[in-house]
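>>> give me coordinates for this.
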Amino acid sequence: MTADHNDFFIIQYVRDIIRQEGRNIGVMLFLDREARFYALGQVDRQTTDPEPFLAVSRLPSSAGWFYQEWINWFHELAENEGCEPINLQNQLLELDEQGSPFIAKAGGVITIEPEEPPEITLKELFQQVVGKSGKGTKGEFLSRLGALMASLNLRQEPGFVEDAEIEFLPVGQPAVTLRVPFLIDPPSGPRTVFKIVRTKTSADAFLRQVSDAAHAFRYMSDHGFATRDRCIVLTERASNEKLTQLEYLSSFAHVVSINDANAFSSLERILKPSSP
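Residues are numbered from 1 along each chain as shown. The predicted structure is shown next:
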């Protein structure tokens, strides 16, 4: 079997439309009657960590949604128009004519061996054209967590505090200090408290995290600081042995695995429940 020769396009963010100063942020690979897209900060098809893009674009953190919307648009374009490569190429090239902040330039042709999975070729091409996405330095868990926070605009919520330290001064008892990675304490309305429990660690470290989270949520609930329906454990996929402990935590808080496809909708329901 002979190798295939496939076209690819380079997707750029144009920081200055007048000067045409572009930064490579993604690649679009044309295959046989389909196309694949991969972007800076991409964790999976539904999730993108905006921080690497914000770093190269010098845009404020509030622009994370803007980047995610465009990444979704490129994915949908590849999926819907990939079977018609001429139409797809024309739509990509029209971005520049329309003055879009993201444009596409013909990158050339890449050779793909018959036995090589397209996903491997796509990521290798991305590394050559764009560079590292930042996932390796932060790890998959933190990349997903950052992407979820950006999608939910958590940092823009009134009263958002990162790495919060909460001190309780019960009458006639020693002071108690609890630490949480995230806290939303709005001027009005209920507080929301988060704890993180990593499962990709030793059994002892995992159990210490579970014990700390259970103690924190129980103490805050007993002292009226937060109710169970506003306590959230952010975790990841777990082995059967560790699932039991996560089920135990569900008696104190919502347990959300950020690996799950419905993580965004689950957190949105908790944070913004529908009116009765």
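>>> phi, psi of the spatially closest residue to Val56 that is not a sequence neighbour?
The shortest distance from Val56 to any non-neighbouring residue, by C-beta to C-beta, 6 or more residues apart in numbering, is to Arg23 (5.0 Å). Placement of C-beta: from N, CA and C, glycine included. Backbone torsions for Arg23, taken as degrees, to the nearest 10, come to phi -120, psi 130.
>>> kindly report the same for the one 10 residues further on.
When quoted as degrees, to the nearest 10, the phi and psi of Arg33 stand at phi 70, psi 30.
>>> ok, now Phe30?
Dihedral angles (degrees, to the nearest 10) for Phe30: phi -90, psi 130.
>>> so it sits against His5, correct?
No - look at Phe30 against His5 with C-beta atoms under 8 Å: they stay out of range, at 10.3 Å.
>>> more neighbours, these two?
Phe30 (19 against 9; other C-beta atoms under 10 Å).
>>> ok, that one - contacts?
Counting by C-beta atoms under 8 Å, 6 or more residues apart in numbering, Phe30 makes contact with 6-9, 82, 85, 88.
>>> give me that answer again for 10 Å
6-9, 36, 78, 82, 85, 88-89, 109-110 (C-beta atoms under 10 Å, 6 or more residues apart in numbering).
>>> go on, Ser251?
Neighbours of Ser251 in contact, by C-beta under 10 Å, 6+ apart: 214, 217-218, 228.
>>> partners of the residue nearest to Val56 in the sheet?
Tyr13 (DSSP bridges).
>>> follow-up on the earlier one: can you turn the buried part of the contacts of Phe30 into a ChimeraX selection?
Selection of buried members from the contacts of Phe30 for ChimeraX, criterion 16 or more other C-beta atoms under 10 Å:
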select :6,7,8,9,36,78,82,85,88,89,110
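>>> need the contacts of Phe30 in TSV with distance to Val197 and secondary structure, can you?
Converted to TSV, the contacts of Phe30 look like this (distance: C-beta to C-beta, whole Å; DSSP: H, G, I helix; E, B strand; the rest coil):
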residue	distance to Val197	secondary structure
Asn6	43	strand
Asp7	45	strand
Phe8	41	strand
Phe9	41	strand
Arg36	34	strand
Ala78	36	helix
Gly82	40	coil
Pro85	46	helix
Leu88	43	helix
Gln89	47	helix
Val109	47	strand
Ile110	42	strand
